[in-house]
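1. Sequence and predicted structure are below.
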Amino acid sequence: MTSVAELIRGAVASENAASEDVLERSAPDSIVLERVAPDSAKAPHRRPIVLRATGLSSCDSGLSSDPWAIDRAPGYGPGASVADEIPGDAPRQAPLPARYTEASEEELDRWILEAKATLGDRVRILGHFYQRDEIVKYADFVGDSFMLAQAAKGHPEAEAFVFCGVHFMAETADILSTPEQAVILPNLAAGCSMADMATIEQVEDCWRELTAVLGPQPAIPVTYMNSSAAIKAFCGRNGGIVCTSSNARTVLEWAFERGERVVFFPDQHLGRNTAKAMGIGEERMPLWRPHLPLGGNDERALRDAKVILWNGFCSVHKRFTVEQIDRARAEFPGVRVIVHPECPAAVVEAADGNGSTEYIRRQIEEASPGDVLAVGTEINLVNRLQQQHPELTIFCLDPVVCPCSTMYRIHPAYLAWTLESLVAGETPNRIRVSGDVATESRVALERMLAAKP
Ligand code: SF4
């Protein structure tokens, strides 16, 4: 098996010897763009997925398909969430006009820049950290979901925000921006498999069952930012709160000041990792499986629970393993391993540090030249950090390239279509959160802001 060290050496060698088979990005870095699969013969310039120039394999051959081809198929599409079950009512994207799907990369680039210049400050482009570089380069703001929602809130002069992220993020930006401002998701099929693992119907059923066993207000509901507006609203109207991966501990402390028990949606790993760090034993964290009576638990386990964990997860972060950490340490003695708290508890425990995307970025900023860092989070972000810090050796713990399936749906063709539609006076793919849901979600979000230390 090829070692991580060999792969990194291979990246440097490939970078120096870019051939016709490997299209280099304009920035000098170790990232190249994979040549596209067969149907791209008509448009060989298309670059659908970013791969490191290492000979690394990707997790899914479908990643070399164009997003608009994937949009026609059921499911989340290729990438980390390919095996996750998608809700039947998940939004679908209407086909893009051929002008965009047949355009060259240079044409898309020109159209995006011209439209952006025409729209000026009236329209702001928000790019998530996990988004591909071909999109991030156009973003006015780059950040995590909450930072981007705050960017939307902080720019009342903008008429529209083009949110290059996923559905729940656009919802949050809509909740926090003014009713006159439009929040647009360039591809409606860019959902989030983790957020989809908790539907409002399942959460209401869970609450009813918990109330029957534990009485009124059976727990303080806490939802991770990565959830639908309907679930944020559920938390708002039931004395609950939203958290991010940066403030999950502060939020749980807030919740325990108000109740003896928490029910945590939808990411079991963030909930478990945060509660463990607070000294809560795993035996007091039953897992709620939404398809089973009492979530698959007995009444006693629920009565004894401190944190009831929803059975959701991020398929990107679930891929990281303790074996990957052991391998990195064997090949790079002295490596610092940092992972996101959406990773399983065993991975978080084996790492040297864990925290939000912002924490990971800070750790890298504070590293000394020559340091080696192995990072357990989404590949686009890790690769970008690697480019930004040539004085460090930074690599993703997972040697298989497996991006977030849904972030992948935002391709420059969708961005060009969105911006040109705005120039033409149309507002495509507007994400709206309606009356009560918006109001109650805002309550849960404002509780979180107030709980911030
Ligand atoms: S990385 Fe995971 S949590 Fe984030 S959008 Fe993708 S599937 Fe959802």
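-> Alright, I've got the coordinates.

2. residues in the protein within reach of the ligand, list them.
-> Contact residues, the chain versus the ligand (CB under 6 Å from any ligand atom): 81, 130, 166, 192-194, 226, 314-316, 378, 404, 406-407. Using the backbone N, CA and C atoms, a C-beta is placed for each residue, glycine as well.

3. Could you tell me which of those residues belong to helices?
-> In helices, defined here by DSSP state H, the members of the residues of the chain next to the ligand are 193-194.

4. Please name the residues that touch G370.
-> Neighbour list for G370: 391-393 [criterion: CB atoms under 8 Å, 6 or more residues apart in numbering].

5. Model confidence for A330, exactly?
-> Note for A330: predicted pLDDT of 96.

6. circling back to that earlier point, ChimeraX command for the buried members of the contacts of G370?
-> Remark: buried members of these, expressed as a ChimeraX selection using 16 or more other CB atoms under 10 Å:
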select :392,393
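
7. Can I get the residues of the chain next to the ligand in a markdown table including pLDDT and neighbour count?
-> Below are the residues of the chain next to the ligand laid out as a markdown table (pLDDT from 0 to 100; neighbours: other CB atoms under 10 Å):
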| residue | pLDDT | neighbour count |
| --- | --- | --- |
| S81 | 95 | 26 |
| Y130 | 92 | 24 |
| V166 | 96 | 28 |
| C192 | 97 | 25 |
| S193 | 97 | 28 |
| M194 | 98 | 30 |
| N226 | 97 | 27 |
| C314 | 98 | 27 |
| S315 | 96 | 22 |
| V316 | 96 | 27 |
| E378 | 92 | 26 |
| C404 | 93 | 29 |
| T406 | 92 | 30 |
| M407 | 91 | 25 |
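
8. E358 should be in a helix, yeah?
-> Yes - under DSSP: H, G, I helix; E, B strand; the rest coil, E358 falls within a helix.

9. And for it, the neighbour number?
-> Using other CB atoms under 10 Å, E358 has 16 neighbouring residues.

10. got it, and R92?
-> The local packing of R92 (other CB under 10 Å) involves 12 other residues.

11. give the contact list for the nearest residue to it once chain neighbours are set aside.
-> In space, and not counting its chain neighbours, R92 is closest to A189: 6.0 Å by CB to CB, 6 or more residues apart in numbering. A189 is in contact with 67, 70-71, 77, 90-93, 406, 409, counting by CB under 8 Å, 6+ apart.

12. hmm, who's touching stretch 86-95?
-> If you take CB under 8 Å, 6+ apart as the criterion, stretch 86-95 is touched by 68, 71-72, 74-76, 167, 187-189, 191, 193, 196, 199, 409, 414, 429.

13. and those, which are buried?
-> Buried members of the contacts of stretch 86-95, counted by 16+ other CB under 10 Å: 68, 71, 76, 167, 187-189, 191, 193, 196, 199, 409, 414, 429.

14. now those in TSV, with secondary structure?
-> Below are those laid out as TSV (three-state DSSP):
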residue	secondary structure
W68	helix
D71	helix
Y76	coil
H167	helix
N187	coil
L188	coil
A189	coil
G191	coil
S193	helix
D196	helix
T199	coil
R409	helix
Y414	helix
N429	coil
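
15. farthest-separated two in those residues?
-> Using CB to CB, the two most remote members of the buried ones among the contacts of stretch 86-95 are W68 and T199, lying 27.0 Å apart.

16. circling back to that earlier point, for W288, state which of the residues of the chain next to the ligand is nearest.
-> W288 lies nearest to M194 out of the residues of the chain next to the ligand, by CB to CB, at 14.9 Å.

17. For that closest one, which non-adjacent residue is spatially closest?
-> C314 (4.6 Å).

18. list the contacts for the one you found?
-> Residues near C314 by CB under 8 Å, 6+ apart: 80, 193-194, 226, 267, 269, 342.

19. change it to 10 Å
-> When contacts are counted by CB atoms under 10 Å, 6 or more residues apart in numbering, C314 touches 80-81, 84, 192-195, 197, 224, 226, 266-267, 269-270, 340, 342-343, 377-378, 404.

20. State the distance from it to R336.
-> Relative to R336, C314 is positioned 22 Å away (CB to CB, to the nearest Å).

21. C396 too?
-> The spacing between C396 and R336, counted by CB to CB, is 14 Å.

22. again, but for F264
-> Taken as CB to CB, the span from F264 to R336 is 29 Å.

23. show me the contacts for the residue in the stretch 51-200 of the chain positioned nearest to the ligand.
-> The minimum distance from the stretch 51-200 of the chain to the ligand, using CB to the nearest ligand atom, falls at C192 (3.4 Å). C192 is in contact with 76, 81, 84, 145, 165-169, 226-228, 266, 314, 404-407, counting by CB under 10 Å, 6+ apart.

24. Nearest the middle, which residue of this protein would you pick?
-> Central residue of the chain (CA atoms, centre = their mean): Y130, 6.2 Å from the mean position.

25. I'd assumed N226 was in contact with that residue.
-> No - the pair Y130 / N226 is not scored as a contact, 11.6 Å apart, by CB atoms under 10 Å.

26. Domain map for this structure?
-> 4-88, 100-192+410-434, 198-312 (automatic domain parsing).

27. Including distance to A367, could the ones you listed go into a markdown table?
-> Formatted as a markdown table, the domains of the chain follow (distance: least, CB to CB, whole Å):
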| stretch | distance to A367 |
| --- | --- |
| domain 4-88 | 16 |
| domain 100-192+410-434 | 18 |
| domain 198-312 | 20 |
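
28. hey, least reliable of those domains by pLDDT?
-> Mean pLDDT per stretch puts domain 4-88 lowest among the domains of the chain, at a mean of 54.

29. Now do the strands in the stretch 351-453 of the chain.
-> Using DSSP state E, counting those that start in this stretch, the strands of the stretch 351-453 of the chain run over 353-354, 372-376, 393-396.

30. Could you pick out the longest helix of the protein?
-> Assigned via DSSP H, the chain shows its longest helix as helix 435-451.

31. coming back round to it: among the domains of the chain, which is nearest A450?
-> domain 198-312 (8.5 Å).

32. got the end-to-end distance for that closest one?
-> Domain 198-312 has an end-to-end distance of 7 Å (criterion: CA to CA, to the nearest Å).

33. got it, and stretch 89-97?
-> One end of stretch 89-97 sits 24 Å from the other (CA to CA).

34. Would you agree R362 is in contact with G355?
-> Yes - proximity of R362 to G355 meets the contact threshold set by CB under 10 Å, at 8.2 Å.

35. out of those two, which sits in the busier spot?
-> More crowded of R362 and G355, by other CB under 10 Å: G355, with 19 against 13.

36. show me the contacts for the more buried one.
-> G355 makes contacts with 245-246, 248, 338-341, 348, 361-363, as judged by CB under 10 Å, 6+ apart.
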